[in-house]
Structure formats: C-alpha cells, structure tokens
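Student: model the structure of this input:
(one chain, ligands or ions: 1)
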Amino acid sequence: MSDPLVSANGIDVAYGDLQVLWDVSVEITDEDRVVALVGPNGAGKTTLLKALSGLRPLAGGSIELFGADAAALRPDQIVERGFVHVPEARNLFTEMTVEENLEMGAYTKRAEQAATMAEVFELFPVLDERRTQRAGTLSGGEQQMLAIGRGLMAKPDVLALDELSVGLAPQFVDRVFEKVAAISEDITVLLTEQHVHEALELADRGYVLENGRIVAEDDADALLESDRVQDAYLSG
Ligand SMILES: Nc1ncnc2c1ncn2[C@@H]1O[C@H](COP(=O)(O)OP(=O)(O)OP(=O)(O)O)[C@@H](O)[C@H]1O
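Tutor: This is a model prediction of the structure:
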C-alpha cells in the first residue's frame, strides 16, 4: 500500500466572492516521484499550491498532509512537516547573498543547515561559485536555482514548484528540468507548468486543471496521448 503524503479532498477556495477552485481533489503518495499539475493561465494552479501550503483558507473540503488534517496548521508548521512550496515569484531576498538566502530556507531545520547546504551546492555548483554574490545580481536561471535550493534547505518530503520555467530562456528550462529530475530521486515533486509537454514528459502522473476544476487525471504518458491534452495544449 502506498501512503498518501498529500491529499486535497474536494476543496473549494475563493478570493472574497470569487470562487476559483471547485471541488478539487488531488492525491500524492510516496510512490510518486513527479506529479504535474497543468492547465491554462488563471486555471487555479497557484491557488491550489497556496491552499496546500496554508497560505489560502479553504471554503470547503479538507487537506491532509502526511496523514494529519492540515486545517489548523500555520504555513511554517506545514513547511516544518515537510511540504515546501517554491513560489512562481521566487521571493528571493535580492539584497542578501546566495548563502544568506539559503540560510533563510533552513529556518525550520537549523541543526542540519550545514549538511543540507553542502548538498544544495553539489546539486547546483553555480550557487557554490556565487555564494557571496547578492541574489539580485544572478541571472534568471540562477535565481530559479537559488529559489529551489532555498526550498531544499527545509528538507522537504514534498517539494512543490510553481511555474519553474516562467521567464527563462529555453536552454535554462531544460537545465532546470534536469535538476528537478535529479531532485525527484529523493524527494517527491509537485510541479505546475505552462510547458505542458515538458512537464508531462518529466512526470509519472498528472492532473489537468481548467477553470478551477480537475478535468483529467492519469499517468503522464496517457495524458500526453489524450485528446484533451493534445487538442488544448499540444496542437499547432
Ligand atoms: N489575490 C487574488 N485576488 C483575487 N483573485 C485572484 C488572486 N489571485 C488569483 N486570483 C484569481 O484566481 C484565479 C486563479 O489564479 P491562479 O493564479 O491560481 O491561476 P494559475 O493557474 O496559477 O494561473 P497562472 O499560471 O496565470 O498563475 C484567476 O482568475 C485569478 O485572477
């Protein structure tokens, strides 16, 4: 039996009067390596990650993280338990160095900070080379790697990566995706993406979110071949 790490059970989420998620159910188990959440702009992918991270309240349904109800947990407690969300905007501390940004990511796991930072530098040698450089002076691709590295500093069991490829040149997209593949050997990754083809090639399973509802879920290979994904995202 596979243990669920994350389950959203029929969740509704609204911004004021505007409901943007409707009865959304998603389950990630310890057998998943990469799960992709794909769909057009405005479908609600970021909102779903925010709900899972405790950053948006639920208007209905429930979320369980690592077997426990997440309703009463604060965002920092959710990080501490092992669900870490790297936001699309990256939210780096641009005036701080690479190393200081990584230290900020370790706030729930101080005891392991030095060892984890060594692992992050092994995965991203460019960050090691630039450890004393201010984050704001890094290229877009390097900033994305730093945002991921900062997420890894919290030693997640599930790493949620929001729209990794936004604003990156194609060669950086490939490079970042290679890193995600390496990370997924140890950590389950939940990925939202507008590059639907690349995301589903990397993933084992996927969900398609449209207008705030899950409209398809399947093995990634099957989704790639499905008419729904072919017609909406991969034609032309
Ligand atoms: N802070 C907010 N206040 C009001 N509405 C919001 C807010 N954030 C998002 N929305 C709306 O919620 C809907 C879902 O947005 P969300 O960002 O979750 O979608 P998305 O699938 O992640 O899209 P994108 O890839 O463009 O970020 C959109 O209609 C958006 O305009």
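
Student: list, one by one, the residues from the protein near the ligand.
Tutor: Applying CB under 6 Å from any ligand atom, we find that the chain lies next to the ligand at 15, 18, 20, 39, 41, 42, 43, 44, 45, 46, 47, 163. The way it works is simple: take the backbone N, C-alpha and C, and place the C-beta from them, glycine included.

Student: does anything pack onto the strand or helix carrying residue 214? Which helices or strands?
Tutor: Residue 214 belongs to strand 213-219 when assigned by DSSP states H and E. If you count contacts as 3 or more CB pairs under 8 Å, 6 or more residues apart in numbering; DSSP states H and E, strand 213-219 packs onto strand 18-29, strand 205-210, helix 227-229.

Student: can you list the strands that the second one pairs with?
Tutor: Pointing back at strand 205-210 there. Strand pairing for strand 205-210, using DSSP bridges, gives strand 34-38 (parallel), strand 213-219 (antiparallel).

Student: ok, which of these comes nearest residue 122?
Tutor: Proximity to residue 122 (CB to CB) singles out strand 34-38 among the strands paired with strand 205-210, at 20.4 Å.

Student: the next helix or strand after the closest one packs against which elements?
Tutor: For strand 34-38, the succeeding helix or strand toward the C-terminus, using DSSP H and E, is helix 45-52. Helices and strands touching helix 45-52, by 3+ CB pairs under 8 Å, 6+ apart, are strand 4-15, strand 18-29, strand 34-38, strand 60-65, strand 83-86, strand 158-162, strand 188-193.

Student: any chance you could list what contacts helix 45-52?
Tutor: 6, 8, 11, 13, 20-21, 24, 26, 37-39, 56-58, 63, 65, 70, 78, 83, 85, 87-88, 160, 162-163, 190, 192, 209 (CB atoms under 8 Å, 6 or more residues apart in numbering).

Student: check stretch 224-231 too.
Tutor: By CB under 8 Å, 6+ apart, stretch 224-231 touches 38, 196, 197, 200, 201, 208, 215, 216, 218, 223, 234.

Student: can I get the residues you listed in CSV with pLDDT?
Tutor: Formatted as CSV, the contacts of stretch 224-231 follow (pLDDT from 0 to 100):
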residue, pLDDT
38, 94
196, 88
197, 88
200, 93
201, 93
208, 94
215, 95
216, 95
218, 96
223, 94
234, 70
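
Student: among the residues you listed, which pair sits farthest apart?
Tutor: 201 and 215 (20.3 Å).

Student: of the contacts of helix 45-52, buried ones?
Tutor: Using 16 or more other CB atoms under 10 Å as the burial test, the contacts of helix 45-52 include 6, 8, 11, 13, 20-21, 24, 26, 37-39, 56, 58, 63, 65, 70, 78, 83, 85, 87-88, 160, 162-163, 190, 192, 209 as buried.

Student: pLDDT below threshold where in the chain?
Tutor: Across the chain, the ranges flagged by pLDDT under 70 are 1, 235-236.
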